[in-house]
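Q: Got a sequence here, can you build the structure:
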Amino acid sequence: MVKFAIGQGVKRVEDNRLLKGTGLYTDDIEVEGALASYVLRSPVAHAVITSIDTSAAKDAPGVVAVYTGEDVKADGLGDLPCVPPVTNRDGSPRADTPRPILAVGKVRHVGEPVAFIVAETAIQARDAAELIEFDFEELDATVDTEGATKDGAPQLFDHIPNNVAFDWESGDKAAVDSAFDSAHKKVEVRIVNNRIVVNSMEVRPVVAEYDPETDRSTLWSSTQGPHVFQTLLAEKVLNIDPAKLRCRTTDVGGGFGMKIFLYPEQALCTWASRKLKRAVRNLPDRSEAFMTDAQGRDNISYAEAAVDADGVIQALRVKTYAALGGYLHHMGAFIPTNAGTHMLSGVYKVPQVYVNVLGVLNNTTPTDAYRGAGRPEAAYLIERVVDVVGQEMGLTPDEVRRRNFIPPEAMPYTTPLGNVYDSGEFQTLMEECMEKSGWASFEERRKEAAGRGKLRGIGMGYYIEKCGGGNPETADVRFTDEGKVEIRIGTQSNGQGHETAYAQILSDTIGVEGGDIKVIQGDTDTVPPGMTGGSRSVPVGGAAVLLAGRQILEKGKKIAANAMEAAAADIEFSDGVFTVAGTDKSMTIMDVAKAAKDAANLDEGMTPGLDDSHKRTPEAATYPNGCHIVELEVDPDTGTVEIERYTIVDDFGETINPLMLAGQVHGGIVQGVGQALTEHTVYEEGSGQLVTGSFMDYGMPRADLVPMFDFNLHNVRCTTNPLGIKGSGEAGAIGAPPAVISALVDALHATTGITHIDMPATPLVIWDLIQQAKQKAA
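A: Numbering: from 1, shown residues only. As a prediction, this is how the structure comes out:
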């Protein structure tokens, strides 16, 4: 029997349909008589709305309805919510930023929805939008995160002075200040974590249906779990019973955190379909995605390390200005605070940490989670600090880390900001990565590159992240009359390969062939609540599948015993077969599933059937970690960077599928390298116009930017979940930026004297540094 077992590198079962073009994405959903829609968006970043005249648009061919913010107000619709609470340093709650689904009174970023046009065709809706007279009084815009907090800066909301939505802190400030007072040396670094446009392959299409007979809506959209939308959209915006809203998600062409959230278009289509009693669909183009998809990162941090005479960090003090955009987005208050900031001490035994985060509103697209969601920002900061500490103390990158690593015998280790690391062998992973990367012989390669006129550098980044925790996940496992098994689960695959991973776990547990297992997801009517995000699907959802499978085996043994007239204690199970010990009596698990429907085979109180479910509430997070080493060359004449070698040693606890795992890490690394070298979302100061609004202007990473990866594992089993695994989906994007920048600084240091360079380190930035160094030398 062929089955998918845990640990096997089997190919993804979903790829057969996805690569052949037979997947089903949201825009593939056909609804008879569906209307099309178009969103008229603000052409300016900051303005008071003086009037919106839609009369000509309403009379245009094919137009069914045109809505503005006044219609939203008239219908009593709620605002798009920012969910997480954040407490300010003075104990008060964070400010709120009312965000209607169509602008009312004022616009605060380019691309903000102003009017919603519904017509028989998409072209008619778009043409009608050009007939709307949108008059406004343009205001000065601010896109400078630090500058937005200064007196005299344009104010986005009257009730939020200096555009500071929250002033949050964590850590023991007095203890940190005391450590700085007695420090041998204080090291300071200003760190920019640049803004990213997510650019998922599939944009955010929406199809909304309405059944007037049941007064029930069905919303199809590209998400990371539809249950999130059912509750928020129904209760917070539409003011209807969530039972009146069915949310569905089919195949998803990439999410990266950005598709967790509720957007205006989902609310607009659902609202309009209920009013018009017809289906309404919306398909944004790529330009709209650039302007309106929640963007990632965008922090400016001032980091200080108190260091003793041996180069051991005694305390870390950080002040961060976190750009929130024009409004607090769905999880926007959480990402720069509790999502990742508590990881600031990284893998190092820093006794004290204090961090102060200012959440700053400015006239840009709102920011939210992007692959890693706060943890890449924390990892990048501490790794840059450690590198600079090493430089100023005369220590090599590996030596400064050896002196500061948390040793394995300290596990479980509680960090100064409250995380508890269950396991990890940080120095061992670093040394393995150094050996595999050829670290010891690097100077020979540097010398050879210099002979060719190139600047060669090597650098490392060691990341650790907190993931695989959060809300519960439930796995419903059902046996069908056709001899198949279904897993119904609330997580939503958007490229990770859930259909394969869950099938492997269940196949390994109950012995059913992988091809006989079907994973059902993406429907609030048929799957239990859940969502994908924070590398939690397999640590939490997979654990639920495993435990549901174990429950099935326990029940199956009792049913098999009754069916074969044996004692339950004599029943053995292996490879999908129940056997009476010492006999040739046996039943397959499918035989037992059929027998379970016969009351004669059931113990008293036992429900018919072999179906079972398990709700897994994670007892703790997981802490994947690893070392990335990058070797690169810089052409001093052009500033271009060529990555020559990329070596990784990761600790993911246990491995479900090494092939898929490598794919996840590879993809994350490319996104991390892109952030380090090419990607940057630029807005024009004063006007707030998006300068990098297309692939012509925005530096997406390409295949030729990265080499082949040397990916290795050194797993240390996680102790906080039954699979022993640590989340892996975001790891590559976390480890790559500090490793790339470390290598780049090493390449440029001898020529320019720099100890740090901000992301993105584009060829122009690098070339300018080299030219400045030449001018000084002259």
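
Q: where's the closest residue to Ile196 other than its chain neighbours, which helix or strand?
A: In space, and not counting its chain neighbours, Ile196 is closest to Gly296: 4.2 Å by C-beta to C-beta, 6 or more residues apart in numbering. Any C-beta I mention is one placed from the backbone N, CA and C, and that applies to glycine too. For Gly296, the element it lies in under DSSP states H and E is strand 296-307.

Q: Let me see the mean pLDDT of the next helix or strand after that strand.
A: Downstream of strand 296-307, the next assigned helix or strand under DSSP H and E is strand 313-325. Average pLDDT, strand 313-325: 99.

Q: What is strand 313-325 packed up against?
A: Packed against strand 313-325 by the contact rule (3 or more C-beta pairs under 8 Å, 6 or more residues apart in numbering; DSSP states H and E) you find helix 173-181, strand 296-307, strand 352-361, helix 375-393.

Q: Adding distance to Lys558 and mean neighbour count, write those out as CSV.
A: Shown next, in CSV, are the helices and strands packed on strand 313-325 (distance: least, C-beta to C-beta, whole Å; neighbours: other C-beta atoms under 10 Å):
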stretch, distance to Lys558, mean neighbour count
helix 173-181, 57, 16
strand 296-307, 51, 24
strand 352-361, 53, 25
helix 375-393, 45, 26
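
Q: For Arg246, find the nearest of those.
A: strand 296-307 (30.1 Å; C-beta to C-beta).

Q: In the stretch 151-300 of the chain, mark out all the helices, start to finish.
A: Using DSSP state H, counting those that start in this stretch, the helices found in the stretch 151-300 of the chain span residues 173-181, 227-231, 264-276, 286-292.

Q: Can you spell out which helices and strands pack onto the first one?
A: Packing contacts for helix 173-181, counted by 3+ C-beta pairs under 8 Å, 6+ apart, involve strand 296-307, strand 313-325, strand 352-361.

Q: Taking strand 352-361 as reference, get the angle to that helix.
A: 110 degrees (axes from the mean of the first three to the mean of the last three C-alpha atoms, to 10 degrees).

Q: Can you give me the domain assignment for the protein?
A: For the chain, automatic domain parsing gives the domain ranges 15-22+471-616, 32-138+204-283, 140-193+295-393, 422-467+621-778.

Q: Comparing these, which comes out most buried?
A: Mean neighbour count (mean count of other C-beta atoms under 10 Å) peaks for domain 140-193+295-393 among those, with a mean of 22.

Q: And it, end to end?
A: This stretch, domain 140-193+295-393, spans 46 Å end to end (C-alpha to C-alpha, to the nearest Å).

Q: follow-up on the earlier one: partner strands of the strand holding Gly296, with direction?
A: Within its sheet, and counting by DSSP bridges, strand 296-307 is paired with strand 185-196 (antiparallel), strand 313-325 (antiparallel).

Q: for the longest one, the distance to its chain's centre please.
A: Yep, that's strand 313-325 we're talking about. Taking C-alpha atoms, centre = their mean, to the nearest Å, one finds the center of strand 313-325 at 21 Å from the center of the full chain.

Q: And for stretch 277-288?
A: With C-alpha atoms, centre = their mean, you get 24 Å for stretch 277-288.

Q: Residues contacting it, please?
A: 27, 29, 31, 33-39, 41, 64, 111, 118, 122, 203-210, 212, 265, 268-269, 272-273, 292, 693-695 (C-beta atoms under 8 Å, 6 or more residues apart in numbering).

Q: Then stretch 443-456?
A: Contacts for stretch 443-456 (C-beta under 8 Å, 6+ apart): 438, 457-458, 631-637, 644, 747-748, 750-751.

Q: tell me which of these is nearest to Arg246?
A: Of those, the one sitting nearest to Arg246 (C-beta to C-beta) turns out to be Leu632, at 50.4 Å.

Q: what about that closest one, which SS state?
A: strand (DSSP: H, G, I helix; E, B strand; the rest coil).

Q: Quick check: beta-bridge partners of it?
A: Gly457, Ile643.

Q: How about Ser221?
A: Val206.

Q: Surely it and Val206 touch.
A: Yes - in this structure Ser221 lies within contact range of Val206 using C-beta atoms under 8 Å: 4.8 Å.

Q: Excluding covalently adjacent residues, which one is nearest to Glu685?
A: That would be Val143: by C-beta to C-beta, 6+ apart, it lies 5.5 Å from Glu685.

Q: For the one you found, list the residues it contacts.
A: The neighbours of Val143, taking C-beta under 8 Å, 6+ apart as the test, are Ala45, Asn362, Asn363, Thr364, Tyr683, Glu684, Glu685, Gly688.

Q: before we move on, the earlier item: would you mind giving the helices and strands packed on helix 173-181 as CSV with distance to Thr480 added?
A: Shown next, in CSV, are the helices and strands packed on helix 173-181 (distance: least, C-beta to C-beta, whole Å):
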stretch, distance to Thr480
strand 296-307, 41
strand 313-325, 47
strand 352-361, 50
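
Q: still on that earlier bit, the contacts of Val143 in helices, which ones?
A: Among the contacts of Val143, no member falls in helices (criterion: DSSP state H).

Q: Go through the residues you listed and name the one nearest Gly470.
A: Thr364 (27.9 Å).

Q: so where's the chain uncertain?
A: 1-3 (pLDDT under 70).

Q: just to revisit the earlier point, present the helices of the stretch 151-300 of the chain as JSON lines; the columns should include distance to Ala621.
A: Output for those, formatted as JSON lines (distance: least, C-beta to C-beta, whole Å):
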{"stretch": "helix 173-181", "distance to Ala621": "24"}
{"stretch": "helix 227-231", "distance to Ala621": "20"}
{"stretch": "helix 264-276", "distance to Ala621": "30"}
{"stretch": "helix 286-292", "distance to Ala621": "31"}
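
Q: So which of those helices is nearest Met434?
A: Taking C-beta to C-beta, helix 173-181 is the member of the helices of the stretch 151-300 of the chain nearest to Met434, at 30.4 Å.

Q: pull the CA atoms of that closest one into CSV?
A: The C-alpha trace of helix 173-181 is given here as CSV (Å, rounded to 0.1, in the frame of the first residue of the first chain):
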residue,chain,number,x,y,z
LYS,A,173,12.8,50.7,31.7
ALA,A,174,14.4,51.4,35.0
ALA,A,175,16.5,48.2,34.9
VAL,A,176,17.6,49.0,31.3
ASP,A,177,18.5,52.5,32.1
SER,A,178,20.6,51.3,35.1
ALA,A,179,22.4,48.8,32.8
PHE,A,180,23.3,51.6,30.5
ASP,A,181,24.6,53.7,33.3
